[in-house]
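Undergrad: here is my input, please return the structure:
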Amino acid sequence: MKSALLLFAFLIVVIPSLAQTNLPAAQSEAARSTENPSPVAKTVGSNAAPAKVEGPIIFEKLLSTNNSVLMTNAEFKKPFGHKLIFTCTNNFHSDLFDIDILHPSVLERLKIDSDKAKEDQAKLDEAKQQLVAGYNKQRQDLLQQQAAAAEKAKADAAAALQAQKDKAASGGNTNSARAGRHRPK
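TA: Coordinates of the predicted model:
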């Protein structure tokens, strides 16, 4: 159980660095007009250089591909492979959403390429497999060492028992042969 927790902690702390997606900045827009129900920020121009992020990216309504609301007041936190992490600004509840269920306008606003996210997920999966394989090898090695130590302890105990039996069979006196040769006068 402890090792499973360590594995989970490793995945949460170390692996996200593998999944960092290049996110050109998008302007934060907390309020949108009712005429524009799309969660996409208005673009200034197609040739304009991306501006730096000046704050959190918040979606009043985070939409799915079928235009249903997944979360309200969703603040984008970071990508994690093929998933994106959002936090609700009202109650600080976090959710992880697969890129495939998010409305294309959300990905467009965040400047996230779905293909790149899939590549990042493949890297995460590979890293996880290597981590699990390494853990399993260490565990197998430890089990083999414990089995060898148990066998050695068993053999040592058997040898000690045999030595006690031999001592008891000889009468408990290891110098009995010598005692017969030198009799006191």
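Undergrad: please count neighbours and contacts with C-alpha atoms only from this point.
TA: Will do.
Undergrad: mind checking the pLDDT average for stretch 104-121?
TA: Mean per-residue pLDDT for stretch 104-121: 88.
Undergrad: quick check: Glu60 is in a helix.
TA: No. Counting by DSSP: H, G, I helix; E, B strand; the rest coil, Glu60 is not found in a helix; it is strand.
Undergrad: any idea how far Arg139 is from it?
TA: From Glu60 over to Arg139 the distance is 48 Å, taken as Cα to Cα, to the nearest Å.
Undergrad: and what of Ala147?
TA: 12 Å.
Undergrad: can you give me the helices for the chain?
TA: Under the criterion DSSP state H, helices of the chain are mapped to 2-13, 104-110, 114-169, 176-181.
Undergrad: deepest of those, which one?
TA: Greatest average neighbour count among these goes to helix 104-110 (a mean of 18), per mean count of other Cα atoms under 10 Å.
Undergrad: output the below-cut-off pLDDT ranges for the chain.
TA: For the chain, applying pLDDT under 70 flags the ranges 1-54, 172-185.
Undergrad: hmm, try it at 50
TA: Residue ranges of the chain with pLDDT under 50: 5, 9, 11, 13-53.
Undergrad: related to what we said a few turns ago, nearest to Thr87, out of the helices of the chain?
TA: With distances scored as Cα to Cα, the stretch of the helices of the chain nearest to Thr87 is helix 104-110 (14.7 Å).
Undergrad: can you report how many residues lie near Met71?
TA: Per other Cα atoms under 10 Å, the neighbour tally for Met71 reads 19.
Undergrad: how about it: what's its closest non-neighbour residue?
TA: Excluding the flanking residues, the one nearest Met71 by Cα to Cα, 6 or more residues apart in numbering is Leu62, at 5.1 Å.
Undergrad: how close does Ser105 get to Lys61?
TA: 12 Å.
Undergrad: dump the residue contacts of Asp95.
TA: Asp95 sits next to Ile85, Phe86, Thr87 when contact means Cα atoms under 8 Å, 6 or more residues apart in numbering.
Undergrad: can you report how many residues lie near the nearest residue to the first one once chain neighbours are set aside?
TA: Distances taken as Cα to Cα, 6+ apart place Leu96 nearest to Ile85, at 4.6 Å, with adjacent residues excluded. With neighbours defined by other Cα under 10 Å, the count for Leu96 comes to 15.
Undergrad: Phe86 is in contact with Leu96, correct?
TA: Yes. Assessed by Cα atoms under 8 Å, Leu96 is found in contact with Phe86 at 6.4 Å.
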